[in-house]
Structure formats: C-alpha cells, structure tokens
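> here you go, sequence then predicted model.
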Protein chains: 4
Amino acid sequence: MLMTAKDYMESLRKLKLNLYLLGEKVDNWVDNPIIRPSINAIAMTYKLAHEPENEVLATTDSILTGKKVNKFNALFKSTDDLVTKIKLQKILGQRTACCFQRCVGMDGINAVFSTTYEIDQKHRTEYHHRFREWLKYVQENDLCIAGAMTDVKGHRGVTPSQQADPDMFVHVVERRSDGIIVRGAKAHLTGAANSHEMLIMPTLRMREGDEDYSLSCAIPTDAEGVTLIYGRQSCDTRKLEEGDIDVGNYNFGGQEALIILDDVFVPWEKVFMCGEVDFSIMLVERFAAYHRQSYGGCKPGIGDVLIGATASMADYNGVRRAPHIREKLGEMIHLAETIHACGLACSYEGWQTMAGNYQPNTLLANVCKHNVTRFPFEITRLAEDIAGGLLVTTPSEKDFRHPVIGKYIDKYLKGVPEVPTEARYRMLTLIHAMSFGLVAPSYRTESMHGAGSPQAQKIMIERETDMEYKQKLARSIAGIDERENVLA
Amino acid sequence: MLMTAKDYMESLRKLKLNLYLLGEKVDNWVDNPIIRPSINAIAMTYKLAHEPENEVLATTDSILTGKKVNKFNALFKSTDDLVTKIKLQKILGQRTACCFQRCVGMDGINAVFSTTYEIDQKHRTEYHHRFREWLKYVQENDLCIAGAMTDVKGHRGVTPSQQADPDMFVHVVERRSDGIIVRGAKAHLTGAANSHEMLIMPTLRMREGDEDYSLSCAIPTDAEGVTLIYGRQSCDTRKLEEGDIDVGNYNFGGQEALIILDDVFVPWEKVFMCGEVDFSIMLVERFAAYHRQSYGGCKPGIGDVLIGATASMADYNGVRRAPHIREKLGEMIHLAETIHACGLACSYEGWQTMAGNYQPNTLLANVCKHNVTRFPFEITRLAEDIAGGLLVTTPSEKDFRHPVIGKYIDKYLKGVPEVPTEARYRMLTLIHAMSFGLVAPSYRTESMHGAGSPQAQKIMIERETDMEYKQKLARSIAGIDERENVLA
Amino acid sequence: MLMTAKDYMESLRKLKLNLYLLGEKVDNWVDNPIIRPSINAIAMTYKLAHEPENEVLATTDSILTGKKVNKFNALFKSTDDLVTKIKLQKILGQRTACCFQRCVGMDGINAVFSTTYEIDQKHRTEYHHRFREWLKYVQENDLCIAGAMTDVKGHRGVTPSQQADPDMFVHVVERRSDGIIVRGAKAHLTGAANSHEMLIMPTLRMREGDEDYSLSCAIPTDAEGVTLIYGRQSCDTRKLEEGDIDVGNYNFGGQEALIILDDVFVPWEKVFMCGEVDFSIMLVERFAAYHRQSYGGCKPGIGDVLIGATASMADYNGVRRAPHIREKLGEMIHLAETIHACGLACSYEGWQTMAGNYQPNTLLANVCKHNVTRFPFEITRLAEDIAGGLLVTTPSEKDFRHPVIGKYIDKYLKGVPEVPTEARYRMLTLIHAMSFGLVAPSYRTESMHGAGSPQAQKIMIERETDMEYKQKLARSIAGIDERENVLA
Amino acid sequence: MLMTAKDYMESLRKLKLNLYLLGEKVDNWVDNPIIRPSINAIAMTYKLAHEPENEVLATTDSILTGKKVNKFNALFKSTDDLVTKIKLQKILGQRTACCFQRCVGMDGINAVFSTTYEIDQKHRTEYHHRFREWLKYVQENDLCIAGAMTDVKGHRGVTPSQQADPDMFVHVVERRSDGIIVRGAKAHLTGAANSHEMLIMPTLRMREGDEDYSLSCAIPTDAEGVTLIYGRQSCDTRKLEEGDIDVGNYNFGGQEALIILDDVFVPWEKVFMCGEVDFSIMLVERFAAYHRQSYGGCKPGIGDVLIGATASMADYNGVRRAPHIREKLGEMIHLAETIHACGLACSYEGWQTMAGNYQPNTLLANVCKHNVTRFPFEITRLAEDIAGGLLVTTPSEKDFRHPVIGKYIDKYLKGVPEVPTEARYRMLTLIHAMSFGLVAPSYRTESMHGAGSPQAQKIMIERETDMEYKQKLARSIAGIDERENVLA
C-alpha cells in the first residue's frame, strides 16, 4: 500500500506522542504551526510516489514481497537503484528547500538489513529474519521510519561503558524473556515527531565491555517511556506570527528532537542487534556510507533553490549580467554540481553486500560528504554577497502591511521598477531562511554534522585508500623498486 | 564633557523618536527588550572612556577645542591615533561580541571634515567652517552620531537622477533661505535608534545632473519628518521571552534601521555639501577607507569571543587536545589575526589630509576589508564544526527549566562530568547567536557588506595599485627593457 | 591488428618527421633521450592492450568493423564505455606519472565522428562517410593519432578572419580538385612527434567570413610541408646528463610541440569539415566535453603517484604518523578522488549522439575539468609542504656519485636509518619532477589549460545550467509564484 | 666602510672556497654562470646602500659604533627600524625577482645579539661581549654573513643526541683551550657561497643530553674543513647555454648549498653559545620571528614582478580588460598585499629585548609567514592561468634564432600585432622561471619552508594566543561567568 500525502498526515494523528516544544506538552502536534512544515516536507516523499513523472524514482518493487513500495522503505537492489535514490533526493531538495527527513530511515533500513545478515552468519543469531519481517510490515503499511543513531555521548574521550553516567549511550538495562528494557537518549534526531517508528542503531565502534550498548531495535515513536523534546530552531516563533513572508520558507522545514528512552520495553521480534560488539562498527559504517551518499542528492537540490533565489535577487536589483555576479553564480553552480557528481559517482560505483542489497562505494561516499562540509558554506557566503545587506535589515511583514509605514517600505525597498517590492521581500526572506533562519540548519549544520562530522570522513578516506599501492607506484617510477619496462 | 554610560542612556530618553518595530510604534524604546541590547553596546563606548586602563584608547584631546573628548567623536591626529582606534575597536568587539555601532559616525566625521575642507578650497564655499562648529557641539555634548550613507538605490544599474522614482537616493527637494528640504531613505542604518543625530552622506560617485543628490548634512534622529523602521533580526523575538539563555548574547546586540526622510528641514548651518557632484566620490572613498580600516579592529575582537566560545565547547566535550581540534582553533586564530594585521598596517601607513586629520592607507584598508568578506565566514564554519550538531538542536530554555523534562535535559546534555549542563547550554547558544542568531549579522553580513561589498574593494585595489610600475619591473627583469646593471 | 609497444616503437622509425629540438633538426628522434620518455608513455597505451588484467579496459570491439581495437582508437558505444575510458586513463596515469598523450586523438575521433554525421544531415555533405573510412584504416593499423586543435590565435580579441596576419588560425588557402592546401600552425600539440597522423580541428566558434578556418582533416605527421618544433620543458636537458636520478621520472614524460603547416596538401578523402562555420562550435564543444572528462581519469592517476611519493617521504623522514602529516595526506587523497568522482559521474551520465556514439554529460564534464584547474595545484602545494625544503636544494646525482664528496651526501642526507639515502634522493627528485621539473606541466599546466582554460568551463557551466528552472523553484518556495500544495 | 657592489664582488674573489657544483670542484666560482646570478642578487644589497633614494632604508647608524653601516649588518634600534627592513626587502624583491639571500644573516645577527645577552645574565658567560666584538668587525668590513641554522636532522622523531649517527646535528666534538672543534652539516643554506662568514645557530629546542648540540658560532666560509655542495636548481644548466631568454631571470637568482663541517676549528672569541640547552629554543624562536617577518617584505616584492609580468602577458594577448582577467589580477594583488600588511603589522608592533634591540611581534610574524605558505602558491596558479599553456610549450631560444624555423616562430607566436614576438617570449620565460624554473624555489619553496614549515607557525600561533582570556570573554558574554554590567 502506498500512502498518499493525505493518508500519511492522517496516519500521524493516530499517534499518541509524548512531545514537548518550547516548554509545553503538545497534543495536536500535526497542526502545530512550528511542527507542520516538517510534516509537509516528509509528506512530499509520499506525494512523489503518486506523481507519474516521478513514480519511477520514488517507488520500486520490494525484494521481500515483490510489491511496489515507497523508495524510502526499499532495499537497494542495484547500483542503478542507488543512483535513482540520489536523483529522487535532488528533486525533493528542490521542491522543499530543506531537509525532508526520511533518508535516515531509508539508510538505516539498508544498513541493518545487511549487517544483521552477517551477524547471523557469524553468531548464528536470528536478527536478519526478524528484521525482514519487521521491514515487510513497514513496507506494507508505508510507515515513515526515523533512523536513530546519534547518542548524546557525554565525555567524547571515554567509551560508553566508562562514562560517569552509564546512560550517555542508549543501552539495555534488562533482558527479559519477552524482550528488553532500553534506556538512554538519542540526540538531534531528524524527523522523529513525524515518523511512526524509530530504528535504533549504535553510534560508534564498541569494545569489550560495551555489550549492553551494542544495540539495534525498532521502537514506535509513541511507545511507553518515549519522550520527544523538539529542538529550538533559528527564528522558530516566526511561524507563530501572522503572515507568511518573514518565515522565508513557509511550507517546509526540517525537524530535530532529543529523544528520551526512559526504560522502554522492546519485544524480541523488534530487536536486531543486542550485545554483538564486533558488529557495531559495521552497522555504523554501512549507515554512514549510505547517508554520506544521500547528501550528494539532497544538498545539490536545496542548493538549486538558493542559487535560483540568488539569481532572482540579482535580477530584481538590476545587476544580473554584471560579470562579477555571473562569476559568483557560476561558482555556486560549480560547487553544487561537484557535490552532486560525487553523489552520483559513489552510487554508480556501489557494491553488493552478502545479504544482497547494495552499498555505495565507501571511499567516494566519504569524499562526497566531506565536500558537503565545505561547499554549502561557500555557496551560502556567495548568496549573502549577491543578496546584499538588506538580507538582515528588512523590516517585518507587519511593517510592510502597516497602514502608516507600509507605503514607505513599498516605495523604498523596490529594486528595478518592473518587479513588485513584495517579490523582492519574499526572495530576501527565503535567502535569509536558508542562510540564518529556519532552514539554515538543513543546509549548513546538517551538511557539517549529518552523517558524521568532517573528521569522521577524513579518517575513513585515509582508511579506504590503498596507500601502500600508491607508494609502490611511486617507488617504481622513482627507480627505487625496479622500473617498469614498457617494451617487455 | 564625557558622558558616562548612564548619562548616555538618560540622554536617549529625551529623544522623541518616531520609531516602528514589528509593525508597532514604540514609545519607550530605551527599555524595549529588542532594542536595549543595541543601546548597551553603544553604552560600552561611553563606559570605556571612564575606565583607567582604557581611557588612553577611548579618549583623546580635541584638535578643535583642546578638550578631552570621546574617541568616537574625535578627528584622527596622527597614524598612532588611527592605530589606537583599531585597538579600541578590538576591545569593544571583545567586550560586546557584536557591532557596537558608533564607528560609522566616527568615520563619517573624519571623512566629512577633510572633504569639506577641499570643497571649500575649490568652490569657495563655507562647509568646513560649518562642520567644525557642528563637530564642536557634538564633542562638547558627547553626542552619539549615526553615519547615514547607504541609499536604497532602486535599480542598481541606473544613476540617482535617472531612477524611475526620483526618491531612491536622498536628495534636496527645496532650497530655502534658512535651509533645505530633504527627501529619501537611508537603508540598513547601523545604530540610528540609539544616536542623537545622523550625519547624511552620499553613497556613490555623482555625475552631472545628480546635483540634488550630492548632499551631506546633519539631522537629529527625532527631527520632524524622520521615521525609523527597525530591521528584523534573526531570532529577534527571543528577547521577548522569559529567560536569558536562548538569546545567546543577552546583553548586547547590533541594530539596523530603515530611515525615512519625508521632507525634512535642515538649516544651512548643518549642511556640509549640497550640489558639488565632483566631491561626492571623495567623501564616499574617504569614508570607505576609514570604515574598511575599522573592520580590522572590531571583527578580530568579535572573533576572539567566538574562538573562546569554540575552545570552551571543545573543553566541555572533552576533546580540546585532539589534534584536529587544535588545528582548527589555530586556523581560526590565524584568520582573525590576519584581519587584525591588515587593520594595523593600513593605520600605521596612514597619511595626512589637506585639512590636517589622518586617513589610513587606502590600498591596505581595502585589502583589510576584502579579507573581512571571507575569513569570518570560515571562522564561523570552523566554530560550527567544533560546536557540534547540538548547536541547532538544543531544546529551549523553557524545556530546560521544565519540571518534568528539565531533568532529562540536564542529565543527557551534559558533556564532561565536571562542567554543568547549563554552562554547555549557554556556550552553545552564544555560538548559535553568532552564527545564526541575533549577532550573526554583526559578524557575517556586516563583514560582507558593511563599508562596501566585496566587489567595491576589488575595484579600489585595482585602482590603488601602480600596475605600470609592476610591469616596468617585469620588463626589466625579462630583458625587454634594459636590464639593471648591478655593478653600475 | 593490435600493435605491441615494440611494434609501435618500430612503426615510428618509418616516419620521416621534419622535427626540430633545441635549435637542431633531429633525425633519429625515436632514440633521442629528450623525446624517448614521451614515446614510452604512449607505448604504455599499446602495452596495456596486451595485459590480460587490463585488456578489458584497453581494448574494445569496433562499431565499424566488429574487430578488437585499441580503446584509444575506438568510438564510445555506451556510458559504460565512457567509464572504462576513465578507469583506463587512471591506470595509465598511475603507471607513467605523466601525460600519456593519446587521449586528444581518442577524444577528437569521437567528436569528429558525431559532428560529421550532423553536418552531413544538414548540408548533404559526405564527411561522415569519409571519416568512417579513415577511422577504419586507423583502427586496422592501430595508428596513434594526435588531436590538433589549439591555434596560435594571435590577438585573442579578434576573430580568425580579422587577424592582422591571416595565418593565425589554420585555414584553407587553396581548394583543388584532388584536395586542399592548408596553412597555419597548431600550438602546444600534445604527442605530435610520436603519432602517425594528426586530426586537425578548429579551436573556437566560427562566424560568417571564417569559412576558410572551419576546417577538420587528417594529416600524416611527416607530410610534406609539416614542421614540428619541440617545446622546451622544464629541466629538459637533465635527460642528456649521465645518471637517472636527477630527471625524477626517468622513463616517462609528456611532449608538446608547435606544428607548422606550410601549405600542406590534404586529399579530399581526409577532409572532414571545410567551410561549415555553423558546425565549428559543435565540434569544439563535443571535443571539449570528452577531454574535460578525460582529466577525471588521468589526473587522479598521476595524483596517486604524487600522493604515494609524498607519503614515502614522510616515512623516510620518520613523521608518517604525525597528525598534521596524516591530515595533509588525507586532504590530497580527498582532492584527487573528488576529481575522479566528477570524471566518473559525467561518464555514467552520458548521452547518445545522433551518430550513435556516446558523449559524457556536458555540465558535469565541465565541472570535472574546472576542479582540475584547482585541486592538482593544492595537491602539489601539500606535497611540497611534506617533502621539505630539500626538494629544491639536493645536490646533483654527480655529486652523490663523486669520490670525495659523495660520502658526505650519503651520510648527511639520510633520513631514518633503515632507508638508504639514495631512496630518499630518488623520491625527492620524483616529487621535484612533478612539481617543478619535467612532468610538472603534465600535472599543473595541462590541468589548467588542457581542454580549455578555467574561464571556458565557467562559461559552459553557466550555459548548461537551467537557471530559469532554479528561479522557478525559488519563486514557488518564496510564495511569489503559487506555493506547491503538498496535499493536492 | 660601506662596500659597493663592485667591492663586494672583488672581496669574494679573495675567498678560497672548497665548493662543488654538479659533481665538480669549482675554483672561479665568482664568474661561474650558474652561481653568478646569486652573487648579483646579493650585490644588489650593496648597491642600494649607495643609491640616494634608498640609502635611508638600506643603511643606518650602528648602535655599536655610531658609524653608518649596511642595514643587513645592523641591529634593529626601534620598531621603525623593523619597518624599514620590510620596505627595503620589498624593493629588493622587486629589483631581483628572487631571493637576495642576505636576510638570514641579518636576522641571525639580531637573534644572537639578544639571546647572548640573556645567556650571560643567567649563566655569567661572556658570549654577548664576544658577539659584539665580532659584529663590529663584520660591520666595519661590511661583510656578508650567511645565517646557518637548519641541520640535516636525520630521523625527525628523535632528538639530536639520540640519532643513530651523532653527526645529524652540528655539534662540538672537542673543546680545546683555544677553541672548539665542530662537526656536522647544515642543509639548504641560503647564500653560503657568496658570503664571507657563516653564523651557526641551533635548529630546535634542545634538552638535557644535547649540550654538544647547543651551539652558536661564526665560521669563515673558506675555513679549513668546510665543504660547500651547491644544490641543484630547476633548469640550472640553462645558464650554461647561449642566449639569455630561456633562463627567464638572466641576471638574478637564489642559491642554496649543503655545508659540510668536517672537524672545523672555531676559536673561542667566535663562539656565542656552547652547551646552554636552556637557551637554544630562545635563539631559534627569536630568529624565526625575524625571518617570518622578513617574508612580509621580500615575497610581496617578488610577487609584484610576477603580477606585472602576468598583466603584461594579458596585454600581449589582447585580453587585459576582460573582466575575468581583471578579477584574477586583482586577486593576485590582494593576496600579495595581505602578506605585506602582515609584515608591516608585526614590525610596527615590535618590542624591545633586554639587550636593547627590537623584535617583531611574535604572533603576527607567525601569522605573516603562515600566509606566505599559502598565497604565493595561489598567486602563481593565477599567473599560470593568465599566461596560458605556451608557458610550458615555447620552443627554445635557439629555435627562435634558427635560420630555418626562426621565422615560423616569430610569425606564429606573436600576440597582438604591436608587440614583438620576442617580448612575449621573454615575458613567458620570466613567468616560467618564477613558477617552474630557476627562481621558482625563491617564490614557492622558500615561502613554504623558509623560516620554518607551516606546522611550525601553527604551533607558535597557538602558543602565542591568550586562549584563556578569549574563553573568559566568551564565558562572560554567555552568562556563565557574571555578565558585564555596562552601567556599573
């Protein structure tokens, strides 16, 4: 069953989330103006599955059931499947201009799928079977799954089991015959308060002694003991104001939450790893590779909106053809497309896991993400350059609508005569939302820290490189080893 | 008379500003929580004048009267005076972590002083005398002056007199025996709603036909016909909430406003340029040189706070000594100090105008500012890297104080055990304020656009370079011209 | 017939080139020590065709004849074929550490193939048939073809037909019944003096009046009227010295020459464009896209050698595990792989021409090359950083072999005790060759100017972008156009 | 006595150097065409002392004797004296377009002067007195002094006394009543084979056990036991060819040599440190600060020539006014001037040592040099961009002069009609010399490694920063410490 955007929206109303926002418990969170844009953004992933021109990207046949499922719940069957993922993400970035939040689940599903297979192979466990069953259920109900990886971590220099407070990483506090009791917190969870279930994964390499922390399982977002605390967003309360301009991106937005798991019960059939310290890092790295690939799709898409907005501002100011403006717009495109090229390359160069689904090329996925930690910041800087100082000094929409001073603003904030002041206003606030405001974390912070901070990629790039081979090449050319005889 | 910070605050209460903010007219703007931090920031310039250890930087003897005056109202008497300006600005940046807004006035005063002298020399006018008289009054009353240069500009490709709407640049609409009538608007005026008077200056090179636009004069901020519309700031309404954490920088902030001049009368004694199209660009460039120098003082000071906050976050996370953290902190310092070095260099290499005050070296002041359009963005990017994703996902202070969920936050957002969660919280919101929130425009947008956008500096750098000399050197070394005989 | 490296070498001896080098006519150029390394580098393209493990990359079945041909003479039959091209080039870059020169021909062949098809469609000419016949001959004899595009250009601001000297672009000076007479020069031709024929192509967009300059044809390198003047290379005469260390890359090297065409006769069957000004730019841009793609293969391969050499120097100095060294090596890899990712992406995203062969994605190929104009320079800078100052201060091999002072050098230029001084010596001279010496142009200058200078890519990137679509996206998100209703 | 350039040249002839070059002992090294340009470059430092317009920069009154001495042998008496040093270096860079080699001596003299003073204070030694006497002798004879700091170092991870070979750092092997016996080698010594004496200094922090390595002394370049081995330079043998074009910079060049000290006797009166391990790092860091400052003078000067040459190439190609060319030239100037600004700033902000001479600001001098490790590389990259591919493909001068092919070259390598081909030729080879050839190490490698590699500056920048103060500022603004009350 493929839900429509409307179905999805309704399905959320059935959840009984224990959700807090700005110091208050929120009951009707679906209609809450601060939260709604993030629901809209996910809804777009449901919408595209029904659009004839995008269906081929947004849906696929399930390996498990043969039925048509939403791409975000599917296993990647081929490298082409990895490529369509990227292209779908680009379109979603273009249509929402923000994080659409459903990728963590998709990437987590694929990582847990192949890892559980290998755990079972080694440890003769039955995680993979359980996971397949759970995934069938998810696919059939077209649920939205939030991937939940990042622990709060406490002292970064200390392992999970050696923290002063043992709860700084999510862990099992009790093993029962019917299931386990889980405690801890997951930080800055993308898209939790608009998902049906969370897929819990460990956040780093575990070592002996960390058995209780080597945990993967599925938990409904409204399970007993789960508390969601919605993260503050830059300019969040603008959504509570009248009007639709100052928000910048009125319809769409990201969402992050701190998730508290206060002794939550998880039945065994939803437990996919429990104690296998030797597989924690495999799960982390497989997920990371997928998610670093993902950014080669969404961020170029979001970037396209920012580039378009910036070019429009140049139009509205009458300077679109000035050489230095063209040079800067060209640079923005070049950087956005470099990211996309990396996303495509790691997808095309993917490989098949033992379980049968596909992973992107690990080295190139890390290269992709590492560029993402740099280029969106430069793209944003260039957007701020071209947009002009008005970006941060425009009066409010209320001033613009004001009976006395509104006419001044309309008169004086006009650019070229043929464009209404309001259009310029709106374009400015959109750029503001993307560089400072509500969706800036979607383009800046996520680019930096999502799927791992820059240093994490540097470590992987070093590890995935065959440096010995490179040194061998150099020794041969230099004549330290025997030189290659081209005529031999 | 040197006002104290308290005197200054009281003096503002006497002004009858026609000020709008978020769609409402504000009467008691001095105590308005959105505006107050920007007043505090300027107040710091008054406070330092009374601090024994900073007095030497913050005050000086007036050329005009011999009396001790606040540095911000003084004429630069020497290159050393330019250097102390920079050092004072650095301290103020460190103490406020934002734009303290009084530099535009200081820089405008010095630019108008020397330009009026040269206008008078050529045109036999009496602007310089008038200006000296006005400046004496300003110095004696220790007024705060807002420099008002940037016009709203309309179509950027068209001269002032050829705009579809003749009011897109501030201009004289009537010349009377006792004074002139002025109309137009000045955009994103820094520190208008906490200054006593505005010093109006033209914004670009004027040409024949632009006589009415070649205008400099002084206007009280509460003069008849003046309307101030306060610019929206990122996260501005956080200041209206309870609590002091989410704002990030609770005490201090910048301020920009759109200023409407709706047929304002200015008496001749306050008119310092009126119709001399040939001197408009001199005034603009002299001001620009001062203000591009200024950023070599304030931005490194603000940067110091961001660097300190970032190092603190690394401490709180337990990773302060990790090599990649040290490398990045080192880079932040390197970039901030490069800017400061440029600020110092252009000051030490200053030159004396015909009127007797000093200008910074034009080429180096432009080089200074051009680096400012780049490095604070990279410093901010590195701060966001080290601060971590929590930067944009922390719950609100209200959540933190909440009886039910507050304890979760306190428990789970702790870093190293010995630092209270609240300290980490506060440091995060400070970095947020500087990278996304209330004072981000002070460090990012101002760095980009204040004192002219990047392209403006590129043009000046090209113009101030003696390229012909460089080509001559090359021709001689290359042997196209005769080579230098070192033994000759 | 697939020639071996030896066959190729012998085939060259039959050519009667009119070749000048360092002011002298060279008869036995095949054994000339300055030229030989460049022949070796091309020979490697012949060798790989016979290596079982590389045959699949280095050969393919001809579309024209169905027979197995060397990849460098083949038409690209699919996007996979474009990908294997890139991977082959990477291996060749790794094995030679320099430009192997045969790509211009391969890229030219593919561009002329599809362009002639479209010319014929429009102009009812027979170029395509002629070209197929010529290409069959080339494939069957496994000839090496030099692509010859760049004209000497004279005044860059003036079209070919308006130059003061009409010969600044290669052109037809006479049309005869049996063929044409051609005059002009092609500059910095890669691999001319080790190819059998040259494929002449125009270098830029032609306009009415430029008919004589819109020319493509094939000319044997030893045809009557052809003069080759070998370009000076940095440190070229080191190859004439005894010893094999100071050269750095003893076996391999690039080659560029100035080719004079002094009234050369070309029979009609070898003329592939003659006067069709409207197709000049198509040929240029198709070639450019192929060649910009190519750099996504060879440069990462060459880069691998430089990275390996740099890591080896760090080993030899005993600092390989220092964090700042690892950080820099990681950065070098990241940059090299970013280029490769772009090369792969534009290949996978290729498209089929009307003639049936495949082109890489134009936008991404330009993005690829544009990164190539930047990253190899930074990689080189980092290599110089890690290699140390000795890179430019080592004594000569002759000093090292000297009976009196050799022992001093052996003693004092030792790094870690377990590595012989000579190994360190050789690694240093290899890095020197790649950053300053004989093969530096292969990695630096070619990266900058080969396949078009940076500005050429910027123009194409701007042109290939659908900016109107991006602006539409922005207008919708901003609410200027109607916002998308996600529930609709 | 101030020598003229001619005097200096003659004085060199009296030295009996034991000098090897390209495997041969060179007797008449003054007239050797490979060495002579480096002598010319130093000679320029003597010439300027006699030029009326530069005398004020190039000479000063000695603190020691009150007599006029060459700046390169003088002690810095004030911050202004530090500034004139920078300005003198800029002029010399402009006039020679290469390293003029005499700065290491000047910087060493000043560092040893103040360090010996402090050693004597602590250890009751008499080094400072000895040094003053020696310096008087140097000043009176206007000798050229080569600073000799960098040891060959062997295994970089091991201290001097723990090296497998005890000679990897210069050390005392015997203490006699009349002096000491010294053994070891100094690497890539700038300007040794054109100096009269060498000033030996230690290269890093010493620890207990390294007493024999904590050594400073003066040794004549032709002392018994000294061997100089001249380093290979890129394209060095071009100087042995006929013609003056291909060399690029015919008159001037740098020079580095490996210096072997094979049991050299040094009388006590020339020993300035011997065993004081606690002062080794002070000497190193004082020298480093001076020399990092120096690069803020010479490199912008050399850069000016490269900028001028690049602008000329743009002229010769007819594209000087193209916006992208102007943008790139502007960037080159911006970067060069940023370096110069840092050089000026650290000079103006200097401080007085206990011995009375002046040091530049340590933090800013390190910031200066750190920018030098980056910007000249980017300036060079931009020069290569604008110069075009011909940079590495021009035929030789011999081809250009050749009776048969010379006319082709003259015809076809012409740019705009009004500039002779030869001028374009010469400008290209100059740029080649600066980016690849003879003087490229002066602008690239020296910028990287001279006065310490980049990591050395990073360490100093971290150390010289008051991070605790910055953190205090952040804590106060964040409200972790008490917030500042601006009204208090």
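Received, thanks.
> show me the helices in the stretch 351-488 of chain A, by range?
A:362-372, A:375-387, A:397-400, A:406-412, A:421-435, A:440-443, A:445-449, A:454-464, A:467-478 (DSSP state H, counting those that start in this stretch).
> quick one: closest of the ones you listed to B:Pro166.
B:Pro166 lies closest to helix A:406-412 among these, at 11.3 Å (CB to CB). In this view, the C-beta of every residue, glycine as well, is placed from N, C-alpha and C.
> restrict the closest one to CA atoms and write it as CSV.
Provided in CSV are the C-alpha atoms of helix A:406-412 (Å, rounded to 0.1, in the frame of the first residue of the first chain):
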residue,chain,number,x,y,z
GLY,A,406,3.8,50.2,4.8
LYS,A,407,3.7,52.6,1.9
TYR,A,408,7.2,53.9,2.7
ILE,A,409,8.6,50.3,2.6
ASP,A,410,6.8,49.6,-0.6
LYS,A,411,8.3,52.7,-2.1
TYR,A,412,11.8,52.5,-0.9
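> so how far is it off the chain centroid?
40 Å (CA atoms, centre = their mean, to the nearest Å).
> likewise stretch A:383-393?
Centre-to-centre, stretch A:383-393 and its host chain are 27 Å apart (CA atoms, centre = their mean).
> how about stretch A:63-81 as PDB, C-alpha atoms only?
Extracted C-alpha coordinates of stretch A:63-81, given in PDB (Å, rounded to 0.1, in the frame of the first residue of the first chain):
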ATOM      1  CA  ILE A  63      12.800  -7.600  -2.800                       C
ATOM      2  CA  LEU A  64      10.900  -9.000   0.100                       C
ATOM      3  CA  THR A  65       7.400  -9.100  -1.300                       C
ATOM      4  CA  GLY A  66       7.600  -8.200  -4.900                       C
ATOM      5  CA  LYS A  67       5.100  -5.400  -4.300                       C
ATOM      6  CA  LYS A  68       5.500  -1.800  -5.200                       C
ATOM      7  CA  VAL A  69       6.800   0.200  -2.200                       C
ATOM      8  CA  ASN A  70       8.000   3.700  -1.400                       C
ATOM      9  CA  LYS A  71      11.600   4.100  -2.200                       C
ATOM     10  CA  PHE A  72      12.300   5.300   1.300                       C
ATOM     11  CA  ASN A  73      11.300   1.900   2.700                       C
ATOM     12  CA  ALA A  74      13.000  -0.100   0.000                       C
ATOM     13  CA  LEU A  75      16.300  -2.100  -0.200                       C
ATOM     14  CA  PHE A  76      18.700  -1.000  -2.900                       C
ATOM     15  CA  LYS A  77      18.700  -3.800  -5.500                       C
ATOM     16  CA  SER A  78      21.400  -2.500  -7.800                       C
ATOM     17  CA  THR A  79      23.700   0.400  -8.400                       C
ATOM     18  CA  ASP A  80      21.100   2.000 -10.600                       C
ATOM     19  CA  ASP A  81      18.800   1.900  -7.500                       C
END
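> which SSE is A:Asp120 in?
helix A:103-123 (DSSP states H and E).
> show me what that helix is packed up against.
helix A:127-141, strand A:145-148, strand A:197-200, strand A:215-220, strand A:271-274, helix A:277-317 (3 or more CB pairs under 8 Å, 6 or more residues apart in numbering or on different chains; DSSP states H and E).
> of all the helices of the stretch 351-488 of chain A, which one is nearest chain C?
Among these, the nearest to chain C by CB to the nearest CB is helix A:467-478 (3.1 Å).
> and that closest one with helix C:277-317, angle?
100 degrees (axes from the mean of the first three to the mean of the last three CA atoms, to 10 degrees).
> tell me the residues of chain A that contact chain D?
Contact residues (CB under 8 Å from any CB of the partner chain) of chain A with chain D: A:Pro323, A:His324, A:Glu327.
> residues in contact with the nearest residue to the first one once chain neighbours are set aside?
If I follow you right, that is A:Pro323. Excluding the flanking residues, the one nearest A:Pro323 by CB to CB, 6 or more residues apart in numbering or on different chains is D:Pro323, at 3.4 Å. Neighbour list for D:Pro323: A:Pro323, A:His324, A:Glu327 [criterion: CB atoms under 8 Å, 6 or more residues apart in numbering or on different chains].
> looking at these, which one is closest to chain C?
Nearest to chain C among these is A:Glu327, at 6.9 Å by CB to the nearest CB.
> got the phi/psi numbers for A:Lys414?
Main-chain torsions, A:Lys414, degrees, to the nearest 10: phi -80, psi 140.
> was I right to think it contacts B:Lys153?
No: contact criterion CB atoms under 8 Å: A:Lys414 and B:Lys153 do not qualify, at 9.8 Å.
> name the residues contacting each of those two.
Shared contacts of A:Lys414 and B:Lys153, defined by CB under 8 Å, 6+ apart, comprise B:Met168.
> out of the two, which sits in the busier spot?
A:Lys414 (25 against 22; other CB atoms under 10 Å in any protein chain shown).
> for that one, which residues are in contact?
Applying CB under 8 Å, 6+ apart, we find A:Lys414 in contact with A:Pro420, A:Thr421, A:Arg424, B:Val152, B:Gly154, B:Asp165, B:Met168.
> how close does it sit to C:Asp481?
Distance, A:Lys414 to C:Asp481, using CB to CB, to the nearest Å: 19 Å.
> can you get me a residue count around A:Leu199?
Neighbours of A:Leu199 (other CB under 10 Å): 28.
> for the contacts of D:Pro323, which one is nearest chain D?
Of all the contacts of D:Pro323, A:Pro323 has the smallest distance to chain D: 3.4 Å, by CB to the nearest CB.
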